[in-house]
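Novice: just coords:
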């Protein structure tokens, strides 16, 4: 737009989620708190419109005021608001004099932040409609997820300090590559190793391994991703005070962990034999299928980015508890987790499905429930909060 265009024709004459009117820059306090909150809200862009505009010198009814200071000094004072340390992360902001309904005003154009949530004096502000208000818990969750989406999933980001030497390239060639790519395609393409790793999101194009690469074929994933291991404890009793019968940490990559986990679980199962005439039937105290599904889904969905806690398997006399860092993600909530599927680690989910360890299409909860019912176990119990996910299964009678 040119300096002679009228903003009323372009932006409208009523406040919206992307347009706010202010009579003056210091309406709420001498330091421009009202403007700071409005800038924060526009930068957070809760409605996903790309940012918004704040017009100074316009009343709540959309009428321009008679006298508005549009001097260079006034414009500079508003520009300094972005850099005075109260708005973090600093948004992209332009300040200029403009016309609104034929009268001079100041226009602050705020671009949507690529790193939401933005805070003003430590508080997140949003604009869901024609008013600016403090963000609620659900608003902050939406903004945080948007930030992660803009950054790309954590599992495909390069990991600091990691080098190609941290990957088990023999394992990649022997197990991972044949499972994920048709052998005929591999032979025909003849692409170099670095290109193969990058095309499968195991490494960045310039070489550093990604979280996915370390998790699936890393030599020692937990050295660079501290929570990337499984802690298994078998108790000789029904509570944490009981004697420990077995205590193991599985710190291999996920291919190695899966290879160790199944025989470990199987070794702790107890099976009783029932007979009907000449036919005998084995009844384990827990179905291995359900245990495998619970554990591998925990490894697939856990939060590797911000938690250093391991995935924990606590085996008691009467139950097994599998606890996982990372609460519901995306569109999944505590009241719909058994019907709705979303992926915190989408590339990891695809890899584990390709390797045959999990079902990626949201059938895991159903398979767990079916296996438990078929074996005579009580239904699984799920405990879900914002930061963790736990599953308890109880021994068959």
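Specialist: Here it is on my side, so go on. Predicted, not measured: the structure shown is a model, and the values here were computed from it.

Novice: buried residues in the helix or strand where residue 96 lies?
Specialist: Per DSSP states H and E, residue 96 falls inside strand 93-100. For strand 93-100, burial by neighbour count (16 or more other Cβ atoms under 10 Å) applies to 93, 95, 97, 98, 99, 100. Bear in mind the C-beta positions are built from the backbone N, C-alpha and C, glycine included.

Novice: mind checking pLDDT for the second one?
Specialist: At residue 95, the model reports a pLDDT of 95.

Novice: so it makes contact with residue 83?
Specialist: No - counting by Cβ atoms under 8 Å, residue 95 does not reach residue 83; the two are 11.9 Å apart.

Novice: what is the neighbour count of residue 133?
Specialist: Residues lying near residue 133 (other Cβ atoms under 10 Å) number 13.

Novice: gap between the residue lying closest to it once chain neighbours are set aside and residue 140?
Specialist: Distance criterion Cβ to Cβ, 6 or more residues apart in numbering; nearest residue to residue 133, sequence neighbours excluded, is residue 126 at 6.6 Å. In this view, residue 126 and residue 140 are 9 Å apart by Cβ to Cβ, to the nearest Å.

Novice: so which of these two has more stuff around it?
Specialist: Using other Cβ under 10 Å, the more surrounded residue of residue 126 and residue 140 is residue 126, with 27 against 16.

Novice: mind listing what that one touches?
Specialist: 41, 44, 46, 132, 133, 134, 135, 139, 143 (Cβ atoms under 8 Å, 6 or more residues apart in numbering).

Novice: so what does the first one have for phi and psi?
Specialist: The phi and psi values for residue 41, taken as degrees, to the nearest 10, are phi -60, psi -40.

Novice: would you agree residue 393 is in contact with residue 315?
Specialist: No - counting by Cβ under 8 Å, residue 393 stays clear of residue 315, with 10.4 Å between them.

Novice: who has more neighbours, those two?
Specialist: Neighbours per residue, other Cβ under 10 Å: of residue 393 and residue 315, the larger number sits with residue 393, 24 against 20.

Novice: retrieve the pLDDT associated with that one.
Specialist: 98.

Novice: likewise for residue 168?
Specialist: Residue 168 is assigned a predicted lDDT (pLDDT) of 97.

Novice: how close does it sit to residue 252?
Specialist: Taken as Cβ to Cβ, the span from residue 168 to residue 252 is 10 Å.

Novice: repeat that for residue 50.
Specialist: From residue 50 across to residue 252, the span is 45 Å (Cβ to Cβ).

Novice: and these two? Which one has more around it.
Specialist: residue 252 (21 against 11).

Novice: work out for me the element residue 91 sits within.
Specialist: Counting by DSSP H and E, residue 91 is part of no helix or strand.

Novice: test my guess that it contacts residue 108.
Specialist: No - counting by Cβ under 8 Å, residue 108 is not a contact partner of residue 91; they are 10.3 Å apart.

Novice: more neighbours: these two, which one.
Specialist: Neighbour totals were compared for residue 91 and residue 108, and residue 108 leads with 25 against 22 (other Cβ under 10 Å).

Novice: for the more buried one, which non-adjacent residue is closest in space?
Specialist: Nearest to residue 108 is residue 54, by Cβ to Cβ, 6+ apart, at 4.2 Å.

Novice: cool, and residue 259?
Specialist: Closest to residue 259 by Cβ to Cβ, 6+ apart is residue 252, at 7.8 Å.

Novice: right, and that neighbour touches residue 260 too?
Specialist: Yes - if you go by Cβ under 8 Å, residue 252 and residue 260 touch, sitting 6.7 Å apart.
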